[in-house]
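Chemist: Sequence and predicted structure below; questions after.
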Amino acid sequence: MFCLSVKKAIQTTLKVKRKHYKGEEMTKKKDKDTVKKRCPPAMNPEARENQMIALAVDLAEQQLRDGTASSQVITHYLKLGSTKEKIEKEILEKQKELIAAKTEALQSTKRIEELYTEAMEAMKDYGGRNENVF
């Protein structure tokens with residue numbers, strides 16, 4: 001989840017972009033909306049990790065806009081946009097789906113075995129082979 005202040009900062013950035021593309025001058029003075037406030041503390045480690053990722057991406061974006069990004073940051077985002085990276089992502093998604101399907105098939109097989117066992121026990125009772133009937 002994004003903090004409200006991060007959302008405002010993104011919206012302000014988009015407004016500045018629109019002004020820039022329309023030919024208006026970009027001002028260098030800080031706007032009230034661009035001041036980032038502290039986000040509330042995360043409730044669990046996963047949420048904290050998501051906060052840190054969002055901050056890192058925002059910082060990388062700002063560095064790219066300012067022209068101060070390191071070669072590693074530039075290379076990272078160039079790789080994300082490459083065809084090879086997109087294909088690798090697609091392969092990983094398909095592998096994830098395959099693993100889920102295999103897991104479901106194993107669970108289904110286990111359930112079928114249980115049903116066969118129950119049916120065999122019921123047939124024994126019906127056929128009179130069980131001594132504990134009376």
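Modeler: Nice, thanks for sending it over.
Chemist: Show me where the chain has its helices.
Modeler: With helices called from DSSP state H, the chain shows them at 4-21, 45-66, 71-80, 83-127.
Chemist: Looking at the ones you listed, which is nearest to Arg38?
Modeler: Closest to Arg38 of those is helix 4-21 (C-beta to C-beta; 8.0 Å). Quick note: C-beta positions are derived from backbone N, CA and C, even for glycine.
Chemist: hmm, back to that, now tabulate the helices of the chain in CSV and tack on mean pLDDT, distance to Arg38 and mean neighbour count.
Modeler: Listed next are the helices of the chain as CSV, based on pLDDT from 0 to 100; distance: least, C-beta to C-beta, whole Å; neighbours: other C-beta atoms under 10 Å:
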stretch, mean pLDDT, distance to Arg38, mean neighbour count
helix 4-21, 53, 8, 13
helix 45-66, 91, 10, 13
helix 71-80, 89, 24, 11
helix 83-127, 92, 33, 10
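Chemist: out of the ones you listed, nearest to Cys39?
Modeler: Here helix 45-66 is closest among the helices of the chain (C-beta to C-beta), at 5.9 Å.
Chemist: Who are the packing partners of the closest one?
Modeler: Where contact means 3 or more C-beta pairs under 8 Å, 6 or more residues apart in numbering; DSSP states H and E, helix 45-66 is packed against helix 4-21, helix 71-80.
Chemist: cutoff 7 Å now
Modeler: Under the contact criterion of 3 or more C-beta pairs under 7 Å, 6 or more residues apart in numbering; DSSP states H and E, helix 45-66 touches helix 71-80.
Chemist: Quick check: the gap between Leu80 and Thr109.
Modeler: Remark: distance between Leu80 and Thr109 (C-beta to C-beta, to the nearest Å) = 40 Å.
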